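1. Pasting the sequence and the predicted model now:
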Amino acid sequence: MRDYFARRLRRLVPVFIEPVEGMPPADPDQVTSFAHQFLRAGTPAFRMLFYAMVLVLQAVCLATRGRSVYSLPPEEADDFVRSLYSSRFAALGAIPTVLGTPIYMAHYNRDDVQVRLGFDVHEMRREAAAREVRR
Amino acid sequence: MIIKPESLPGDVRREADVVVIGSGAGGGPIAKELAEAGYSVVVIEEGGHFTREDFDFRAADAFTRLYRDASQTVALGLPAIVVPQGKTVGGTTTVNSGTCLRIPRHVLKRWHLEHGLKDIGEDELNLLYAALEEYLFVKRADPEVAGKNNLLFLEHAGKLGYSGGFLPRNAKDCEGFGVCAYGCPSGAKQSANVSFIPDAVAAGADVYTHCRAERILVRNGRATGVRGHFTDPRTGARTQRLEVHASVVVLSAGAIQTPSMLMHNRICLSSGWVGENLSIHPCGATLALMPEVVGNPKGIPQSTYVDEFAPEGIMLEGVTLPPAVMAITLPWGGRRHAETMRDYPFIASYGSMISEHDSAGKVVAGPSARQPLTFYNLGREDLDRLKRSILLMAEIWFAAGAKRVYTPIDGFKELSGPRDFMRLSRARLKRASVYGLSAYHPMGTCRMGSDPYASVVKSTCETWEVENLFICDASVLPTSLGVNPQLTIMALAMRTAGFIDEKLESAPTKGEEAGRLERLRARLRSEKEAVARRLSGESTPR
């Protein structure tokens, strides 16, 4: 991923993943690293769309809130993202959907996050290792 | 053996009886059958080879390693629909749910009546299905490991009077680790990577991984081999070249890549049906916030079904989602997303699959053979059917005690009770208001038939135009099946292997071959002379 977009994405992570009690906080570096891998493995069209959406998100925020999305206080950032998701215009709803895909995937792919949700990957890996099925 | 590019000293140039492009539900059985019959078989697979030890329960990583384009393949249209496809040894069978259903009788009848495929008899298919079911350990999902999510849904569907049951699956001693779609970590699921391909290799077949077939070599109207190149598994950059000369070429790259390959090779195009007739079984999913822990995702993800509405083209099938996938399914972001995800253990899920009536799609050549463009137009009738399937799932979830049901429909993302339910049932949906749809069964883009002007392959799966080029994957299915297609693809592959075997056994001697070439040259000469006469104004002699 280009440095410009990596920097922007790192700053977008807290906008998409709000800290909530009982859950580990988001790690912008881990999210950026996964997004890099996800975009590289994917289609050029999705990659371009993703980069475009980073810019469009900022443009929409400047137009509707009068300030940069990166400088919105947490409550306002949350409200902004929510307004996009619930927009009547499908194109606006697509902005957070596209950007959120690698961000959420990365965060909820972390072992420590999954374990907190009852999806105990360590336990299941141990169980699977001891349970080889042969034809 | 299974050969990775890093173990090769340089370019590969070799001969074989059969070269198979793709190692999934079509390519796997053909490779096994022909290798066991004593033919030299080469399989070319674009993805990598992974074993159960590599499958680590991390869904997001599986997308980048096991799926084509990190699962970002989209059928363009309103709404855009994600069409995930496997790209690994075993193809999509490595990442599907393992459901093994036979072709519904009415669909086979339609193939007979509308596509002239009467020689694909029900009895013959049943024999093939039975053999496959035994080989793949197909049996109904064990209720012990079916998962609370699936059991709850099935129980309450039954209470509402809807018929359903446990799905037949190709799994042996399954413990329900719940991650079938990201690689089975115990090896229980009998996908092609643990069944057909190892058996083909044991019988002497060679499988080249990280190798992309580019050119189908054709000479005098006959397929003679395949040319391609390997890729670096880490960077995707081209590395060594591969050229295999073979008596028979089998194209089993799936319903999106197969037509793309034909288009880029400019072969088999004269019927006009290559890439057309795409059906995908559009799928919707509902999530339900339950008052109790549903134990997600332990248990078989797709263990149950409700088929009460199958005659209308609606099939409800179980699905469970690991956190990384549920997170991208939720229709909101920010704080609400985080809070909903915190309820993950309480969230149940189920899916619906629509058998198309008035939707249509197509695959067209993209900027490169690797990147075809897929278009799909969801028809009005099918959109209404999709809405109905979502209402049915919501009804069942509410009957099971759900506090809220989350749907993929704008304006109805959250249903809290009967009032929202009625509001949705009265609403006339727009195509743009449905989002987050996916489809797992692309089919029909090189359809089979008895008419060379209306189909791409014969009932033997050999192409009408290029001799010794066989296509065997979901692309040959002439219509939407209405059920998961892997078992039918495998049955057709077994059948095709029989025709290839016959063909190879009766291959012409060198003398016969020379005679055939002479006749072909004479025909070309006379056609050329006829054209020259027409151009010079002479009448063509009768």
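-> It's in.

2. Mind checking what secondary structure the closest residue to B:D11 other than its chain neighbours has?
-> Nearest-residue entry for B:D11: B:R241, 4.5 Å, with adjacent residues in sequence omitted and distances by CB to CB, 6 or more residues apart in numbering or on different chains. To be clear about C-beta, it is placed using only N, CA and C from the backbone, and glycine gets the same treatment. Classification of B:R241 using DSSP: H, G, I helix; E, B strand; the rest coil returns strand.

3. Looks like B:R241 contacts B:V12 (just checking).
-> Yes. Taking CB atoms under 8 Å as the definition, B:R241 is a contact partner of B:V12 at 7.3 Å.

4. For those two, indicate the residue with more neighbours.
-> B:V12 (20 against 15; other CB atoms under 10 Å in any protein chain shown).

5. With adjacent residues omitted, what lies nearest to that one?
-> Nearest non-adjacent residue to B:V12 (CB to CB, 6+ apart): B:L242, at 4.5 Å.

6. Pull out the buried positions in the helix ranked longest in chain A.
-> The residue-count maximum for a helix in chain A (DSSP state H) belongs to helix A:44-65. Buried residues in helix A:44-65, counted by 16 or more other CB atoms under 10 Å in any protein chain shown: A:45-47, A:49-51, A:53-54, A:56-57, A:60-61, A:65.

7. filter these down to the ones near chain B?
-> A:A45, A:F46 (CB under 8 Å from any CB of the partner chain).

8. want to throw the buried residues of helix A:44-65 into JSON lines with pLDDT?
-> Listed next are the buried residues of helix A:44-65 as JSON lines, based on pLDDT from 0 to 100:
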{"residue": "A:A45", "pLDDT": "91"}
{"residue": "A:F46", "pLDDT": "93"}
{"residue": "A:R47", "pLDDT": "94"}
{"residue": "A:L49", "pLDDT": "95"}
{"residue": "A:F50", "pLDDT": "96"}
{"residue": "A:Y51", "pLDDT": "95"}
{"residue": "A:M53", "pLDDT": "96"}
{"residue": "A:V54", "pLDDT": "95"}
{"residue": "A:V56", "pLDDT": "96"}
{"residue": "A:L57", "pLDDT": "96"}
{"residue": "A:V60", "pLDDT": "96"}
{"residue": "A:C61", "pLDDT": "96"}
{"residue": "A:R65", "pLDDT": "94"}
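
9. Among the buried residues of helix A:44-65, find me the one that's closest to chain B.
-> A:F46 (4.4 Å; CB to the nearest CB).

10. Not counting sequence-adjacent ones, nearest residue to that closest one?
-> Counting by CB to CB, 6+ apart, the residue nearest A:F46 is B:Q72, at 4.4 Å.

11. and that neighbour, how many neighbours does it have?
-> The burial count for B:Q72: 23, using other CB under 10 Å.

12. Which pLDDT value goes with B:P331?
-> We have a pLDDT of 85 for B:P331.

13. I'd assumed B:F412 was in contact with it.
-> No. Using CB under 8 Å, B:P331 is not in contact with B:F412; the gap is 9.9 Å.

14. returning to what we had before: got the phi/psi numbers for the residue nearest to A:F46?
-> phi -100, psi 10 (degrees, to the nearest 10).

15. which residues does it contact?
-> A:G42, A:T43, A:F46, B:V82 (CB atoms under 8 Å, 6 or more residues apart in numbering or on different chains).

16. 7 Å instead?
-> Contacts for B:Q72 (CB atoms under 7 Å, 6 or more residues apart in numbering or on different chains) come out as A:G42, A:T43, A:F46.

17. mind listing the helices for chain B?
-> B:27-36, B:59-66, B:105-115, B:122-135, B:148-159, B:196-202, B:257-265, B:323-329, B:334-342, B:380-399, B:418-426, B:486-505, B:510-535.

18. can you redo these as CSV with mean neighbour count and distance to A:G22?
-> Formatted as CSV, those follow (neighbours: other CB atoms under 10 Å in any protein chain shown; distance: least, CB to CB, whole Å):
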stretch, mean neighbour count, distance to A:G22
helix B:27-36, 28, 45
helix B:59-66, 24, 22
helix B:105-115, 15, 49
helix B:122-135, 15, 46
helix B:148-159, 22, 23
helix B:196-202, 22, 44
helix B:257-265, 25, 44
helix B:323-329, 23, 14
helix B:334-342, 20, 6
helix B:380-399, 21, 26
helix B:418-426, 13, 29
helix B:486-505, 22, 41
helix B:510-535, 11, 74
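
19. can you list those in TSV and add distance to chain A?
-> Listed next are the helices of chain B as TSV, based on distance: least, CB to the nearest CB, whole Å:
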stretch	distance to chain A
helix B:27-36	13
helix B:59-66	4
helix B:105-115	30
helix B:122-135	9
helix B:148-159	12
helix B:196-202	8
helix B:257-265	13
helix B:323-329	4
helix B:334-342	4
helix B:380-399	15
helix B:418-426	15
helix B:486-505	16
helix B:510-535	41
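
20. Low-confidence stretches in the chain?
-> Because you didn't say which chain, this covers chain A. Low-confidence segments of chain A (pLDDT under 70): A:1.

21. That was the other one, I meant chain B.
-> B:296-297, B:508-521, B:523-524, B:537-542.

22. Specify the residue ranges that define each domain of it.
-> B:1-50+B:101-135+B:196-279+B:442-506, B:69-78+B:139-192+B:280-441, B:508-542 (automatic domain parsing).

23. Redo those as CSV? Include distance to A:P28.
-> Listed next are these as CSV, based on distance: least, CB to CB, whole Å:
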stretch, distance to A:P28
domain B:1-50+B:101-135+B:196-279+B:442-506, 24
domain B:69-78+B:139-192+B:280-441, 15
domain B:508-542, 66
